[in-house]
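> kindly return the folded structure for what I paste below:
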Amino acid sequence: MDELLQLLEDNARVPLVDLARLTGKKTKDVAKAVKEYEKKGVIVKYKTVINHAKVKGNNKNVLALIEVKVTPQKDVGFDHSAERIFKFPEVKSCYLLSGSYDLLLMVEGKDIQTVAGFVSEKLAPLEAVKGTTTHFLLKKYKEDGVILNEKEKSSRLAITF
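Next up is the predicted model:
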C-alpha cells in the first residue's frame, strides 16, 4: 500500500505538514494526492473509533454478526443479493465470504428484538436467502486495530520469593 495511505489509515488526523515530513514529499504534493484519492474513491471516509463502553450515559445499541447463506443468481452471482441486503439501514457492513456461509453482515439495532425483527421480517423472507445464523456481540476487545480495554501497567515491582 502507498505510504501516504498507510499513514492516513493509521491516523487520519495527522496534519498535512507532518504527512509531508514523514513521506519526504512537499506539503502541496501531499495535499494534492489526498484530494486525488478522495476524488477517485480510494479514500471513502474518515472514521473515529469510539470505545462506547467508556461513554457515560451511552445508549448502547445491540450489534450482531449475521452469517447469511444465499443462492447465487444467474449472471450476477452474489452481487445482486448482497446489494439488496446491504441497502437495509440496519446493515452497517456486508462482506462476501468463503466457507459455509456466503455473506457476513454487521447489523445494529436498539435491542435484541429489533435485530431479531430485522432477521425474521426483512432478511429471511428474501428469495435468495437460504439460511442465517446470528451472533450477538457481547464485548469489544479490539476494533480497527485499536485495543479498547488495555490494562494499566503497574509501576510497582513484582514480589518474588
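
> tell me the buried residues in the helix or strand containing Leu4?
When elements are assigned from DSSP states H and E, Leu4 belongs to helix 3-10. Of the residues in helix 3-10, those scored as buried under the neighbour-count criterion (16 or more other CB atoms under 10 Å) are Leu4, Leu7, Leu8. Bear in mind the C-beta positions are built from the backbone N, C-alpha and C, glycine included.

> how many other residues sit next to the spatially closest residue to Ile112 that is not a sequence neighbour?
Using CB to CB, 6 or more residues apart in numbering and skipping the chain neighbours, the partner closest in space to Ile112 is Val62 (5.6 Å). In terms of burial, Val62 registers 16 neighbours under the definition other CB atoms under 10 Å.

> ranges for the strands of this protein?
Secondary structure of the chain (DSSP state E): strands located at 62-70, 91-96, 103-109, 129-136, 142-143, 146-147.

> check contacts around the nearest residue to Leu104 once chain neighbours are set aside.
Leaving out its chain neighbours, the residue that sits closest to Leu104 by CB to CB, 6+ apart is Tyr95, at 4.6 Å. For Tyr95, the contact set (CB atoms under 8 Å, 6 or more residues apart in numbering) comprises Leu103, Leu104, Leu105.

> tell me the contacts of the first one?
By CB under 8 Å, 6+ apart, Leu103 lies in contact with Glu67, Val68, Val70, Phe78, Ser81, Ala82, Ile85, Cys94, Tyr95, Leu96, Leu97.

> out of these, which end up buried?
When the contacts of Leu103 are checked for burial by 16+ other CB under 10 Å, the buried set is Glu67, Val68, Val70, Phe78, Ser81, Ala82, Ile85, Cys94.

> just those now: which is nearest Thr132?
Val68 (5.3 Å; CB to CB).

> bridging residues for that closest one?
Residues found in beta-bridge contact with Val68 (criterion: DSSP bridges) are Leu103, Thr132.

> pretty sure Met106 contacts Glu67?
No: distance between Met106 and Glu67: 11.4 Å, which falls outside the contact criterion (CB atoms under 8 Å).

> how is the protein divided into domains?
Residue ranges for the structural domains of the chain, counted by automatic domain parsing, are given in the record as 3-40, 54-143.

> no more questions from me, cheers.
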